[in-house]
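Novice: Sequence plus predicted model, see below.
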Amino acid sequence: MTISARPIAFFVDFEWSGALRWMSAAAVLAAVAGAPDTADAAKRARMVRGGAYDGVWNVLFATEAGNCSSNHSVPFTVTGTRVSSAGGGKVTGGISRGGSVAIRISLGASKASGGGRLAANSGAGRWSGVILGDRCSGTWQATRS
């Protein structure tokens, strides 16, 4: 078995100033590579700020056609561009920046969908669906809690 002196010679010629330059360059590259671009930063700012319609909305459904009982209230939550349940069934949907909203609601065998528009703290629209086996439709009005 022979031991080479070559690896030892590498350390003899080692220059700390060169190594520090390389370490500094590596740190700068790591910082630049890990830095988020401006689009990511803007997206995070919007997520923190939230949407204009964020919050819990109470929606009162009125039946105009069909044999469904009138005046059911269902709360839903708006977070950014998503609409979800705040209790009282499964609510899914979306909302645009202009306030146009589309939702689907299901509670047991009853299902309904609707659309309309939200403004500052109120909104209105139309809905249709099958409630306890009866096809019904009507209007809805919403207020933000």
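Specialist: Received the coordinates, thanks. Given the structure is predicted, the values throughout are model-derived calculations rather than measurements.

Novice: okay, now the domains of this protein?
Specialist: Domain segmentation of the chain under automatic domain parsing yields 6-48, 51-144.

Novice: rank the ones you listed by mean pLDDT and give me the bottom one.
Specialist: Among the domains of the chain, domain 6-48 carries the lowest mean pLDDT, a mean of 43.

Novice: Identify each buried residue in stretch 84-91, please.
Specialist: For stretch 84-91, the neighbour count (16 or more other CB atoms under 10 Å) marks 85-86, 89, 91 as buried. In this view, the C-beta of every residue, glycine as well, is placed from N, C-alpha and C.

Novice: now swap in stretch 50-58 and tell me
Specialist: For stretch 50-58, burial by neighbour count (16+ other CB under 10 Å) applies to 51, 53, 57.

Novice: Output those in CSV; the columns should cover distance to residue 65.
Specialist: Listed next are the buried residues of stretch 50-58 as CSV, based on distance: CB to CB, whole Å:
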residue, distance to residue 65
51, 33
53, 28
57, 24
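
Novice: Mind jotting down where the strands sit in this protein?
Specialist: Ranges of strands within the chain are 55-65, 72-79, 82-85, 90-95, 100-107, 110-118, 122-131, 134-144, based on DSSP state E.

Novice: Paired strands for the last one, with orientation please.
Specialist: Meaning strand 134-144. Neighbouring strands of strand 134-144 in its sheet, by DSSP bridges, are strand 55-65 (antiparallel), strand 122-131 (antiparallel).

Novice: contact partners of the shortest one?
Specialist: Residues lying outside strand 122-131 but in contact with it, judged by CB atoms under 8 Å, 6 or more residues apart in numbering, are 57, 61, 66, 68, 99, 101, 105, 109-117, 135-144.

Novice: what about residue 103, how many neighbours?
Specialist: 23 (other CB atoms under 10 Å).

Novice: repeat for the one 4 residues further on
Specialist: By the measure other CB under 10 Å, the count of residues near residue 107 is 16.

Novice: go on, residue 136?
Specialist: Close neighbours of residue 136, defined as other CB under 10 Å, add up to 21.

Novice: My understanding was that it contacts residue 65; is that so?
Specialist: Yes: contact criterion CB atoms under 8 Å: residue 136 and residue 65 qualify, at 6.4 Å.
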